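>>> Here you go, sequence then predicted model.
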Protein chains: 2
Amino acid sequence: MTFPAWDACNRSLLKKEILTPALLLDLDAFEANLTRMMEHVKRSGKALRPHAKAHKCVEIARRQLAAGACGVCVATLAEAELMSKGGITGLLLTSPVADPQKIARLVETGAMVVVDHIQQAEWYQDAARSAGRKIDVLIDLDVGDHRTGARSTAEAVEIAEAVDRASHLQLRGLQAYSVVGSHAAAGGERERNSQETFAHAAETRDAMARKGLPTEIISGGSTGTWQIDTALPELTELQAGSFVLMDMAYRRAGLDFRQGITVLGTVVSANHDSFVSVDAGTKSFSTDRGYGPEAANLPESSYRFGGDEFGYVEVADPARRPRLGDKLEFIPPHCDPTVNLYTAIYACRGERVEAVWPVKTLAL
Amino acid sequence: MTFPAWDACNRSLLKKEILTPALLLDLDAFEANLTRMMEHVKRSGKALRPHAKAHKCVEIARRQLAAGACGVCVATLAEAELMSKGGITGLLLTSPVADPQKIARLVETGAMVVVDHIQQAEWYQDAARSAGRKIDVLIDLDVGDHRTGARSTAEAVEIAEAVDRASHLQLRGLQAYSVVGSHAAAGGERERNSQETFAHAAETRDAMARKGLPTEIISGGSTGTWQIDTALPELTELQAGSFVLMDMAYRRAGLDFRQGITVLGTVVSANHDSFVSVDAGTKSFSTDRGYGPEAANLPESSYRFGGDEFGYVEVADPARRPRLGDKLEFIPPHCDPTVNLYTAIYACRGERVEAVWPVKTLAL
């Protein structure tokens, strides 16, 4: 990767000089979001282990730890290795894994892991014993989404006992993450979902405790339910990750963190009065929400996907139509899969680029 | 990137040993698709300049040139630089660009470029003069999609005259690419669209010829219309790219090229009778088509997105339910934005991995 204007002259790069499409982070917004969340979580007597699957960026994780996070969550082996090599401590891999090759590498990262099947506990035990290490384990509880997790308290306790018996595994507690909770409708549904999630977790925790099993951690929660989950007594640590970046989905869900990331695009065709074409399309923005991004500083405009490398930006007032070569900033529909499309984040302070941070892409 | 089992033992890697999620290419299918297309295009008396935005892979472009392609199309500066550094000749950048920094770097790649505005012609002329190079230029014609391109024959001729006057630009003809054509409905609509597209192109070509302007190239067409476009006298070179890879969208559109790429995933949770969870979700497959992938070798199954790193695979017959740790191959909904999520292609011959090819991701 080269950043010619910047490298060549050893001067600061301006936002408007960035080649597009590019992923930007507003450092003022990022820092304000992080401080706000950290203070709230501390006041609630909880820990924050923010999910790094949202940003996949060691520099962001470092700042989260410096602000007081107890570690970061990761979703994949690649993220665990990235963070571990970057010196990030307190890793929790929130996804069950079912590949002995991966498990051997995961053990080397020192991450705490989750299991939802006795077979996984055996794989981890074998790998940890071979490596001469002891690893922390949470039982992943299915709180109703059926995506992963032990189906019942009885099943969770059975897996927990297997972990507790394993010489190289250290049982620490439960993961109780609700997939639907993060974007549930405001006004009751989110509260109900969180209460049910953690009531379920408490029941399992108590059953484990009655067997003398360790239960000091109950990890879960998300940006969408940050205030609800941190008010519940059962949760011990919050996994929220998107709040530092933000996106349209969370704005639509009523979250009021500041917009941290944007995508910068350039007007590459401007032959019509009421719209222009930009160089950012389905390879530059997530498409999983069913809607496109929003231009951050272009009132009364609307974006429409125009293919892999193109988007149309329509403007109500032709006098405000951007010109050929103009750069536009867009708020992405969904932050995690948008960040996943880039290999770098341009960390900006106002109009200046303060740093360019690498982002880890999918590959192992 | 490390491929431990492979590197460590210096033996061939088996497909089932690949860490997931991963992008695979079936070399037999790829080669058959390439041969079939190349023979058809040659028989039609046309040239093939396949679009490399689909694969972003120098190794694939090399094989396309070796098979007889006159070059490859690219959609971005990053792709142009990748291919140029990889020794790929006959590059055509199919997107208009509107950034003098990018244009200076594009000139260095030696790519033929398209313009849809006089301003772009001036930028290219300035950059080419500064670099002491002459670059080939096509006029990008708006054939009805209004995404990019000169709006009318009169406008195209005006831009063509400006290019022709520029000392460091060499006018070569027209680009007439129909965005909607590639996935238009079969049974008449595709034919009508192609006929209108190239009738429009012929009118502009003739108007340019009457002014004594060069018109030897009319570039366009796609996988969806490969047989239609190559039968039309106006087209001189076909830009089709997806045919070597294929996807569900083109299968649904009735295209019968063999399935080249698949995504390999692993069953990471298997606690239910009628479905399992795999480690491939919205960060592993394109989501722009509104539907998910299809398991390649699991009859009567259906896939449902389950988040960034998860998908649910439901099976009609519980006896056929995959087990924890099983690996499943999926046909992606849309090849281009799926490939864009990976940094490597595992090129497989049957059950063996023959090579691992790097893929260029978005960043410049």
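Looks like it came in fine.
>>> For residue A:218, list the residues it contacts.
Residue A:218 is in contact with A:173-176, A:198, A:201-202, A:205, A:234-237, counting by CB atoms under 8 Å, 6 or more residues apart in numbering or on different chains. Every C-beta, even on glycine, is put in place using the N, C-alpha and C of the backbone.
>>> Now the helix or strand harbouring residue A:208: average pLDDT?
Element membership for residue A:208 (DSSP states H and E) is helix A:189-210. Across helix A:189-210, pLDDT averages out at 96.
>>> residues of that helix that come out buried?
Neighbour counts over helix A:189-210 (16 or more other CB atoms under 10 Å in any protein chain shown) mark A:190-191, A:193-194, A:197-198, A:200-202, A:204-205, A:207-208 as buried.
>>> and the residues you listed as a markdown table, adding distance to chain B?
Formatted as a markdown table, the buried residues of helix A:189-210 follow (distance: CB to the nearest CB, whole Å):
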| residue | distance to chain B |
| --- | --- |
| A:190 | 17 |
| A:191 | 22 |
| A:193 | 16 |
| A:194 | 18 |
| A:197 | 16 |
| A:198 | 20 |
| A:200 | 15 |
| A:201 | 17 |
| A:202 | 21 |
| A:204 | 15 |
| A:205 | 19 |
| A:207 | 18 |
| A:208 | 18 |
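>>> Same list, these, but as TSV with distance to residue A:78 please.
TSV is the format used below for the buried residues of helix A:189-210 (distance: CB to CB, whole Å):
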residue	distance to residue A:78
A:190	31
A:191	35
A:193	30
A:194	30
A:197	28
A:198	30
A:200	31
A:201	28
A:202	34
A:204	30
A:205	31
A:207	35
A:208	31
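>>> Chain A: helices as residue ranges?
Using DSSP state H, the helices found in chain A span residues A:4-9, A:27-43, A:58-67, A:77-85, A:100-109, A:118-131, A:153-165, A:189-210, A:226-230, A:248-252, A:335-339.
>>> Any idea which of those helices has the lowest pLDDT on average?
Mean pLDDT values for the helices of chain A show the minimum at helix A:4-9, a mean of 43.
>>> is it true that residue A:243 touches residue A:221?
No. The pair residue A:243 / residue A:221 is not scored as a contact, 11.0 Å apart, by CB atoms under 8 Å.
>>> Which one's more surrounded, these two?
residue A:221 (31 against 26; other CB atoms under 10 Å in any protein chain shown).
>>> The more buried one against residue A:229, yeah?
Yes. With contacts counted by CB under 8 Å, residue A:221 reaches residue A:229, the gap being 3.5 Å.
>>> For the two, list the residues in contact with both.
A:194, A:235, A:238.
>>> for these, which one is nearest residue B:299?
Using CB to CB, residue A:194 comes nearest to residue B:299 of the shared contacts of residue A:221 and residue A:229, at 39.8 Å.
>>> Provide a list of residues in contact with the closest one.
A:178, A:181, A:221, A:225, A:228-229, A:232.
>>> The closest residue to it other than its chain neighbours and chain B: what is the separation?
Of all residues beyond its chain neighbours, the one nearest residue A:194 is residue A:228 (4.5 Å), with distances taken as CB to CB, 6 or more residues apart in numbering or on different chains. Using CB to the nearest CB, to the nearest Å, residue A:228 is found at 20 Å from chain B.
>>> thinking residue A:228 is in contact with residue A:190, fair?
Yes. Assessed by CB under 8 Å, residue A:228 is found in contact with residue A:190 at 5.9 Å.
>>> State the number of residues packed around residue A:36.
16.
>>> got a list of what it touches?
Counted by CB under 8 Å, 6+ apart, residue A:36 has contacts residue A:257.
>>> mind checking how far residue A:288 is from chain B?
Using CB to the nearest CB, residue A:288 is found at 4 Å from chain B.
>>> now swap in residue A:298 and tell me
17 Å.
>>> swap in residue A:357?
Residue A:357 is 12 Å from chain B, by CB to the nearest CB.
>>> Looks like residue A:46 contacts residue A:230 (just checking).
Yes. With contact defined as CB under 8 Å, residue A:46 counts as touching residue A:230 (5.3 Å).
>>> Between those two, which contacts overlap?
Residues touching both residue A:46 and residue A:230 (CB under 8 Å, 6+ apart) are residue A:238.
>>> where in the stretch 251-364 of chain A is pLDDT low?
Scanning the stretch 251-364 of chain A for pLDDT under 70 picks out A:362-364.
>>> got a list of what residue A:289 touches?
With CB under 8 Å, 6+ apart, residue A:289 has these contacts: A:248-249, A:333-334.
>>> Name the nearest of those residues relative to residue A:144.
Using CB to CB, the contacts of residue A:289 come closest to residue A:144 at residue A:249, 20.8 Å.
>>> show me the contacts for that closest one.
Applying CB under 8 Å, 6+ apart, the residues contacting residue A:249 are A:183, A:289, A:333-334.
>>> Closest one of those to residue A:306?
residue A:333 (15.3 Å).
>>> and the stretch 201-350 of chain A, which residues reach chain B?
Within the stretch 201-350 of chain A, the positions adjacent to chain B are A:266-272, A:275, A:277, A:279, A:282-284, A:286-288, A:290, A:305-310, A:312, A:324-325, A:336-337, A:340-344 by CB under 8 Å from any CB of the partner chain.
>>> In space, what's closest to residue A:282 - neighbours in sequence excluded?
Closest to residue A:282 by CB to CB, 6+ apart is residue B:288, at 4.5 Å.
>>> shouldn't residue A:357 be in contact with residue A:345?
Yes. Applying CB under 8 Å, one finds residue A:357 in contact with residue A:345, separated by 4.6 Å.
>>> Now for these two: what residues contact both?
Common neighbours of residue A:357 and residue A:345 (CB under 8 Å, 6+ apart) are A:25, A:57, A:59-60.
>>> Residue A:74: what's it in contact with?
Counted by CB under 8 Å, 6+ apart, residue A:74 has contacts A:51-53, A:80, A:83, A:91-94, A:111.
>>> what do you get for residue A:259?
A:26, A:29, A:246, A:251, A:296, A:331.
>>> If you rank these by neighbours, which is first?
Neighbour max across the contacts of residue A:259 (other CB under 10 Å) = residue A:246, 26 neighbours.
>>> From residue A:156, how far out is the residue nearest to residue A:282?
Distance, residue B:288 to residue A:156, by CB to CB, to the nearest Å: 38 Å.
>>> Give the residue from the two that has the larger number of neighbours.
Neighbour count, other CB under 10 Å: between residue B:288 and residue A:156, residue A:156 has more, with 27 against 22.
>>> That one is in contact with residue A:175, isn't it?
No. With contact defined as CB under 8 Å, residue A:156 does not count as touching residue A:175 (10.3 Å).
>>> Now for those two: what residues contact both?
A:139, A:141.
>>> mind listing what residue A:106 touches?
By CB under 8 Å, 6+ apart, the contact list for residue A:106 reads A:77, A:80, A:93, A:97, A:113, A:127.
>>> What of residue A:240?
Counting by CB under 8 Å, 6+ apart, residue A:240 makes contact with A:37, A:48, A:50-51, A:221-223, A:226.
>>> do the same with residue A:114
With CB under 8 Å, 6+ apart, residue A:114 has these contacts: A:92-96, A:137-140, A:148, A:175.
>>> Could you do residue A:305 as well?
Contacts of residue A:305 (CB under 8 Å, 6+ apart): A:281-282, A:285, A:287, A:292, A:311-312, B:288.
>>> I'd like to know how far it sits from residue A:84.
For residue A:305 relative to residue A:84 (CB to CB), the value is 37 Å.
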